[in-house]
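# Show me the folded form of this:
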Amino acid sequence: MKLAAPASPLDQWALGRNVRHLNHGSFGGCPRDVIDAANAWRARLESAPMKFFVLDWQRELDAARAALAGFLRAPSERMSFVPNATTGVAIALASSTIGAGDEIVTTDHAYRACKNQLARLAEARGATIRFAKLPLPFDADAAALAITKEITPRTRLALLDHITSPTALVLPLERIVPAFAAQDIPVIVDGAHGPGQLALDVGALLKLGVTWYAGNNHKWLCAPKSSGFIVAAASASGPRPVVTSHGASPEYGPSNRFHAELDWMGSHDPSPNLAVPTAIATLAGMGNGWAHVIARNHALAVELQGRLTAGLGAKTVLAQDTSLGTMAAVPITLPPNTKPLELEMRLLEEGWEIPIVDFPQGPLVRISAHLYNHADEADALAAKLRDCGVTGR
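This is a model prediction of the structure:
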């Protein structure tokens with residue numbers, strides 16, 4: 001597989017040429033054709049706003065939903081668009097029946113926004129959060145055991161990453177979720193990084209025992225910002241939208257109550273969601289089909305991890321190939337009196353988009369691989385980090 005050159009030239013993307021883009025995982029990146037599609041939807045809306053929202057919007061949204069559901073192999077009747085995965089997790093948490101004395105299981109690698117949401121929910125309802133400590137270097141079997149051993153008679157909910165944000169680890173949901181499902185414990189999956197990194201089968205995950213799956217379209221699917229989704233199993237309570245709007249009245253909106261509650265949460269710009277089918281098709285065209293896109297980006301992530309580890313002299317390989325998607329993290333040591341955020345800001349000012357993760361077990365540099373990236377970028381990044389006084393750990 002050719003990794004020395006981009007699979008898609010940078011000029012097909014809206015990304016600037018004077019910046020090193022090695023952080024697709026945080027905010028994504030859009031091909032120009034996808035931005036053009038979103039702009040066309042926005043122009044159509046603005047040309048006749050009332051006609052669009054009253055007569056056209058629901059039909060067009062349903063078509064976009066069907067395309068996304070087909071790609072994800074998810075039940076469209078139990079799926080709605082949301083602005084991002086964080087909002088999806090908020091909806092799932094608001095819909096939970098957590099009460100005083102109950103326990104919630106998550107991990108020490110959980111995304112900060114989700115940790116904050118859990119803390120607020122626990123405080124409001126008198127619940128307790130149990131944090132499973134994931135092993136590093138990562139071992140999937142040990143991780144599954146670390147999580148499932150946190151189940152107690154008081155466990156009423158689990159919030160699990162599909163791919164951890166700070167450490168880029170793919171959690172073995174197939175080994176974890178059944179333990180919760182066997183005790184009828186609802187499981188929320190924060191799949192912010194799942195779509196486009198992995199060949200998702202959300203329907204299979206629901207059958208496995210996942211109750212809610214929240215994901216982003218703007219990351220690895222390369223849709224415009226403000227497009228995500230939430231999928232719920234038939235057994236899920238709710239949904240309780242974070243904004244109650246017209247759909248709460250049965251006489252308004254579609255007959256499907258899941259869609260009625262979540263599709264319309266006030267006036268908004270629907271163009272990012274309506275451009276999702278274009279994003280799916282565009283990336284497939286760029287990369288010779290999605291199976292090849294995912295395989296190529298995974299192979300590149302593994303190569304980037306190896307080169308960056310060697311280039312910085314790191315002694316620890318955080319994860320083996322089978323536990324990576326299309327991102328990887330490398331342990332680093334910073335110069336004395338330098339904080340991770342300070343280094344990240346310096347790199348940004350000097351034209352490098354790369355996250356320096358402030359992780360409790362030591363700082364990390366997390367690198368992303370998409371079609372516009374290539375293997376030699378790891379060597380350039382290693383040289384840049386060495387110039388900044390960074391070494392591997």
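
# got the domain boundaries for the protein?
According to automatic domain parsing, the chain comprises the domains 10-29+289-392, 35-280.

# so how far is the first one from its chain's centroid?
What separates the centre of domain 10-29+289-392 from the centre of its chain is 17 Å, taken as Cα atoms, centre = their mean, to the nearest Å.

# any idea of the mean pLDDT for it?
Domain 10-29+289-392 shows a mean pLDDT of 97.

# Show me where the stretch 101-250 of the chain has its strands.
In the stretch 101-250 of the chain, the strands defined using DSSP state E, counting those that start in this stretch lie at 103-107, 128-132, 155-161, 187-191, 212-216, 228-232.

# out of those, nearest to Asn18?
Among these, strand 212-216 comes nearest to Asn18, with 26.4 Å by Cβ to Cβ. All C-beta spots, glycine's among them, are computed from the backbone N, C-alpha and C.

# Let's have the domains of the chain in a markdown table, adding distance to Lys2 and mean neighbour count.
What follows is those, written out as a markdown table (distance: least, Cβ to Cβ, whole Å; neighbours: other Cβ atoms under 10 Å):
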| stretch | distance to Lys2 | mean neighbour count |
| --- | --- | --- |
| domain 10-29+289-392 | 8 | 18 |
| domain 35-280 | 20 | 19 |
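
# if we can go back for a sec, make a markdown table from the strands of the stretch 101-250 of the chain and add mean pLDDT to it.
A markdown table is the format used below for the strands of the stretch 101-250 of the chain (pLDDT from 0 to 100):
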| stretch | mean pLDDT |
| --- | --- |
| strand 103-107 | 99 |
| strand 128-132 | 98 |
| strand 155-161 | 98 |
| strand 187-191 | 99 |
| strand 212-216 | 99 |
| strand 228-232 | 98 |
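
# so which of the ones you listed comes closest to Ala48?
Of these, nearest to Ala48 by Cβ to Cβ is strand 228-232, at 27.2 Å.

# Show me how far the next helix or strand after that closest one is from its chain's centre.
Heading C-terminal from strand 228-232, the first helix or strand you meet, by DSSP states H and E, is helix 257-262. Distance of helix 257-262 from its chain centroid, counting by Cα atoms, centre = their mean, is 23 Å.

# Mind listing residues that contact helix 257-262?
For helix 257-262, contacts defined as Cβ atoms under 8 Å, 6 or more residues apart in numbering pick out 77-82, 91, 230, 232, 238-241, 247-248, 250, 252-254.

# got it, and stretch 123-130?
Stretch 123-130 is contacted from outside by 98-106, 118-119, 121-122, 150, 152, 154-156, using Cβ under 8 Å, 6+ apart.

# cool, and stretch 197-206?
Residues from elsewhere that reach stretch 197-206, judged by Cβ under 8 Å, 6+ apart: 72-75, 162-163, 170, 173, 177, 189, 191, 194, 210, 213, 215, 219-220, 231, 233, 290-291, 294, 297, 325-327.

# The same query, at a cut-off of 7 Å, please.
Residues outside stretch 197-206 that contact it (Cβ atoms under 7 Å, 6 or more residues apart in numbering): 72-75, 163, 173, 189, 194, 213, 220, 231, 233, 291, 294, 325-326.

# re earlier: I'd like to know which of the domains of the chain lies nearest to Met1.
domain 10-29+289-392 (5.2 Å).

# Now His21. Its backbone dihedrals?
Main-chain torsions, His21, degrees, to the nearest 10: phi -100, psi 100.

# who touches Ile188 in this structure?
Contact analysis of Ile188 by Cβ under 7 Å, 6+ apart lists 89, 92, 158-159, 211-212.
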